[in-house]
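> A predicted structure for the sequence below; I have some questions about it.
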Amino acid sequence: MDTEVPVDLQLLGRAVKQAQYRQHRAMDTALAAVGTTLAQWDALRAISRTPGSSARDLAAATFQTEQAFGTLATRLTTQNLIERRPGHGRRIEHHLTPEGERILNAGHKVANEVLKQCFAPLPPSDRATLLELLRRLNEGPNETL
């Protein structure tokens with residue numbers, strides 16, 4: 001007979017946040033070596049996945065407000081990492097420059113190494129289980145929270 005083990009949900013939430021925080025700090029530190037930050041690299045990654053996207057779509061994809069993404073996009077434009085082009089109506093489309101592509105690719109290599117270290121304590125089967133559990137959480141009915 002299965003008996004449920006009670007879990008302190010606040011402790012669980014904090015553990016998820018702590019793992020995310022440690023991963024983000026490690027990524028930010030490592031990405032500095034290739035001349036970018038986690039927020040910038042994440043924006044480049046989102047633009048690469050959906051070239052021509054609007055700031056609204058990219059803000060959602062990078063877990064930012066439109067205003068915060070707009071400020072970030074201005075910095076990326078100044079650094080010649082992205083181009084903003086007129087789209088349909090008032091829409092502004094975002095595209096990577098060749099330098100943006102270079103930084104993105106360098107960031108992928110850094111991210112792979114950092115994530116390999118972050119998840120090293122877990123065997124591959126536990127990693128797969130964790131991924132499945134997080135997918136279920138993120139695709140569940142609480143998505144509007």
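Received the coordinates, thanks.

> center of this structure - which residue?
Using CA atoms, centre = their mean, the residue of the chain that lies closest to the mean C-alpha position is residue 42, 4.8 Å off.

> Now do the contacts for that residue.
residue 62 (CB atoms under 8 Å, 6 or more residues apart in numbering). The C-beta positions use only the backbone N, C-alpha and C, and glycine is treated the same way.

> Checking my notes, it in a helix, right?
Yes - assessed with DSSP: H, G, I helix; E, B strand; the rest coil, residue 42 lies in a helix.

> mind listing the helices for this protein?
9-31, 38-49, 55-61, 66-78, 98-118, 124-139 (DSSP state H).

> Quick check: which of these is nearest to residue 91?
Residue 91 lies closest, by CB to CB, to one member of the helices of the chain: helix 55-61, at 8.9 Å.

> in that closest one, what counts as buried?
Buried positions in helix 55-61, judged by neighbour count with 16 or more other CB atoms under 10 Å: 55, 57, 58, 59, 61.

> can you list contacts of it?
By CB under 8 Å, 6+ apart, helix 55-61 touches 43, 46-47, 49-50, 53, 65-66, 68-70, 73, 92, 94.

> Stretch 8-20 now?
The contact list for stretch 8-20 (CB under 8 Å, 6+ apart) reads residue 118.

> how far does that stretch sit from the chain's center?
Offset of stretch 8-20 from its chain centre (CA atoms, centre = their mean, to the nearest Å): 19 Å.

> go on, stretch 28-48?
With CA atoms, centre = their mean as the basis, stretch 28-48 stands 9 Å off its chain's centre.

> now stretch 126-140
Averaging C-alpha positions (CA atoms, centre = their mean) puts stretch 126-140 16 Å from its chain's average.

> go on, stretch 51-63?
With CA atoms, centre = their mean, you get 12 Å for stretch 51-63.

> And the average pLDDT for it is what?
Across stretch 51-63, the average pLDDT comes to 95.

> now the end-to-end length of that stretch.
18 Å (CA to CA, to the nearest Å).

> So residue 47 sits against residue 62, correct?
No - if you go by CB atoms under 8 Å, residue 47 and residue 62 don't touch, sitting 9.5 Å apart.

> Can you pick out the residue with more neighbours from these two?
residue 47 (26 against 17; other CB atoms under 10 Å).
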